[in-house]
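Asks: the sequence and its predicted three-dimensional model are supplied below.
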Amino acid sequence: MGIGAAMTGLRPIVEGMNMGFLLLAFNQISNNCGMLHYTSGGQFTIPIVIRGPGGVGRQLGAEHSQCLESYFQSIPGIQMVACSTPYNAKGLMKAAIRSENPVILFEHVLLYNLKERIPDEEYICNLEEAEMVRPGEHVTNLTYSRMRYHVMQAAKTLVNKGYDPEVIDIRSLKPFDLHTIGNSVKKTHRVMIVEECMRTGGIGASLTAAITENFHDYLDAPIVCLSSQDVPTPYAGTLEEWTVVQPAQIVTAVEQLCQKLQ
Amino acid sequence: MCLTNLHFILRHELLLFEALREGLEEEMDRDMHVCVMGEDVGHYGGSYKVTKGLAEKYGDLRVLDTPIAENSFTGMGIGAAMTGLRPIVEGMNMGFLLLAFNQISNNCGMLHYTSGGQFTIPIVIRGPGGVGRQLGAEHSQCLESYFQSIPGIQMVACSTPYNAKGLMKAAIRSENPVILFEHVLLYNLKERILHWYGHWSCHDWLEANC
């Protein structure tokens, strides 16, 4: 209904009560939402926003703790962004609504209660732009959504240990902001990706491929990708914690990555 | 008789869709739990004739014509697999399985885990995919990437009559849910393959090939 409404000129925002429920709408998202602009020979645009809470929460069980970025990733004609702060949540929401493309906006269940001061005046974010969270020299940490906070937590420890990690919230999951990412790679020559997505066929895998294809010559070490385990998220709290990447793992991985070069 | 001649006699020539059918038939003969379900798989024999004649041989229940309701019959297949059958679910076109995405991800891949290992889901989901000849956007999709990161699911793609039959049989015998990708433009490939009605497993296939 939302896609049809978009075809006739409205700009609907469709909320999946939980991102996982959108698997039931997969056919509409892939076969209509992504394709119609093409199959109509450009006669229709589909300025729809599909959004909802996703990611691994706290013991919500396998069906309600899914990272669907990877499932939607290769659907042609669809753009994807993930918000991570109140500031970019508002900016990306507004940009997604104004975009002529269908945009999937990923929100994270555990980030809804984050508090931040944002500007009173109107602003929008760029849908295709990554956000520099912490400039640094030693290693490029690419992350998005909730894992940004795990990375920042790890960064604190790393700074105390004498490392200077650069942290980038990629925000735009499709297409990637290869300009910002590339500049960072050329500076640090080491890349680590931290995501909550599955290891097989996830955002990290695509990002690894994109960086290798474009910036291989600038890399001094193989790209390290920390992802969730390839299993449905367990309900048990301790197992759930083991499934997603924890700050301590990030610290160890950065140390190993940097040591290889010294 | 020299060994080379023997080797030759043990082979017969067939098309890829016939190889898939032969694999299905042999497994249905071997194990009464193996059954097929999907749109037009029964009396019509499948849109690409992979199940041709199987309904006549094994009856309507083992080769079940379903309504056009992908999510429902895929779910039915998964339920059947939980109770001990080994269903092969055919998507008339792989693209139609997007309608069954919820069942494939939330049930097929997860149930073994969410049941704490109490259930295995020995289902095979298969169908014609890939870019054909001017079939249009909806019928020319490569869905490998969509299914790739679903936890708990195994994926294989066949490309010759020989491996089509071998992989089909291995997929049916596997305790894991397996998605078998076939390509619309390869169904009429012709090849001589082994004429052997014995046991055929992934291990045999590997030994024969590697």
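Replies: Now that the structure is in, tell me what you want to look at. Numbering: from 1, shown residues only, chains lettered A, B, ... in the order given.

Asks: what does the stretch 151-262 of chain A put close to chain B?
Replies: Residues of the stretch 151-262 of chain A lying close to chain B (Cβ under 8 Å from any Cβ of the partner chain) are A:C197, A:M198, A:T200, A:G201, A:G202, A:D230, A:V231, A:P232, A:P234, A:Y235. Where you see a C-beta, it was placed from the backbone N, CA and C, and this is true even at glycine.

Asks: once you drop chain neighbours, what's closest to the last one?
Replies: Nearest residue to A:Y235, sequence neighbours excluded (Cβ to Cβ, 6 or more residues apart in numbering or on different chains): A:G61, at 4.8 Å.

Asks: element containing the closest residue to chain B within the stretch 151-262 of chain A, please.
Replies: Of all residues in the stretch 151-262 of chain A, A:G201 sits closest to chain B, at 3.4 Å by Cβ to the nearest Cβ. Assigned by DSSP states H and E, A:G201 belongs to no helix or strand.

Asks: which residues touch it?
Replies: Shown in contact with A:G201 (Cβ atoms under 8 Å, 6 or more residues apart in numbering or on different chains): A:S70, A:Q73, B:S145, B:Q148, B:S149.

Asks: point out where the stretch 51-200 of chain A drops to low pLDDT.
Replies: Along the stretch 51-200 of chain A, no part satisfies pLDDT under 70.

Asks: residue boundaries of the helices in it?
Replies: In the stretch 51-200 of chain A, the helices defined using DSSP state H, counting those that start in this stretch lie at A:69-73, A:86-98, A:147-160, A:178-188.

Asks: reformat those helices as a markdown table; add mean neighbour count.
Replies: Output for the helices of the stretch 51-200 of chain A, formatted as a markdown table (neighbours: other Cβ atoms under 10 Å in any protein chain shown):
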| stretch | mean neighbour count |
| --- | --- |
| helix A:69-73 | 25 |
| helix A:86-98 | 20 |
| helix A:147-160 | 20 |
| helix A:178-188 | 18 |
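
Asks: contacts only, for A:Y71.
Replies: A:Y71 makes contact with A:L23, A:F26, B:F101, B:S105, B:Y146, B:S149, B:I150, according to Cβ under 8 Å, 6+ apart.

Asks: what's the answer for A:N27, then?
Replies: B:L98, B:L99, B:F101.

Asks: and A:I168, by the same measure?
Replies: A:A130, A:E131, A:M132, A:V133, A:T140, A:N141, A:L142, A:T143, A:T180, A:I181, A:S184.

Asks: report how many residues lie close to the fifth one.
Replies: Translated: A:T140. A:T140 has 25 neighbours, counted by other Cβ atoms under 10 Å in any protein chain shown.

Asks: and what of the fourth one?
Replies: Neighbour count of A:V133, defined by other Cβ under 10 Å: 18.

Asks: break chain A down into its domains, please.
Replies: Per the record, chain A has its domains at A:2-111, A:131-259, by automatic domain parsing.

Asks: just the endpoints, please. Distance across the first one?
Replies: Read that as domain A:2-111. End-to-end distance of domain A:2-111 (Cα to Cα, to the nearest Å): 26 Å.

Asks: which non-adjacent residue is nearest A:S206?
Replies: Nearest residue to A:S206, sequence neighbours excluded (Cβ to Cβ, 6+ apart): A:Q73, at 6.3 Å.

Asks: hmm, that neighbour is touching A:Q79, no?
Replies: No - A:Q73 lies out of contact with A:Q79 (Cβ atoms under 8 Å); the separation is 11.0 Å.

Asks: and for the two, which residues touch both?
Replies: Common neighbours of A:Q73 and A:Q79 (Cβ under 8 Å, 6+ apart) are A:K174.

Asks: how about A:I181, what does it touch?
Replies: Going by Cβ under 8 Å, 6+ apart, A:I181 touches A:A130, A:T140, A:L142, A:I168, A:I170, A:L207, A:A210, A:I211, A:F215.

Asks: burial count for the last one?
Replies: It stands for A:F215. Neighbour tally, A:F215, other Cβ under 10 Å: 19.

Asks: before we move on, which element is it in?
Replies: Assessed by DSSP H and E, A:F215 sits inside helix A:203-215.

Asks: and stretch A:214-222, end to end?
Replies: OK, stretch A:214-222 end separation, Cα to Cα: 14 Å.

Asks: and it, how far out from the chain middle?
Replies: Relative to its parent chain, stretch A:214-222 has a centroid offset of 22 Å by Cα atoms, centre = their mean, to the nearest Å.

Asks: ok, stretch A:161-172 next?
Replies: Chain-centre distance of stretch A:161-172: 14 Å, with Cα atoms, centre = their mean.

Asks: which of the residues in that stretch are buried?
Replies: Within stretch A:161-172, the residues that count as buried by 16 or more other Cβ atoms under 10 Å in any protein chain shown are A:Y163, A:P165, A:E166, A:V167, A:I168, A:D169, A:I170, A:R171, A:S172.

Asks: give me every residue that touches the second one.
Replies: Shown here is A:P165, whose contacts under the criterion Cβ under 8 Å, 6+ apart are A:R134, A:G136, A:H138, A:V139, A:T140, A:N141, A:A154, A:A155, A:L158, A:V159, A:V254.

Asks: thought A:T188 was touching the second one, still the case?
Replies: Yes - at 7.2 Å, A:G136 and A:T188 qualify as touching, with contact defined as Cβ under 8 Å.

Asks: one step back: derive a PyMOL selection command for the buried subset of the residues of the stretch 151-262 of chain A next to chain B.
Replies: Selection of buried members from those for PyMOL, criterion 16+ other Cβ under 10 Å:
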select buried, chain A and resi 197+198+201+202+231+232+234+235
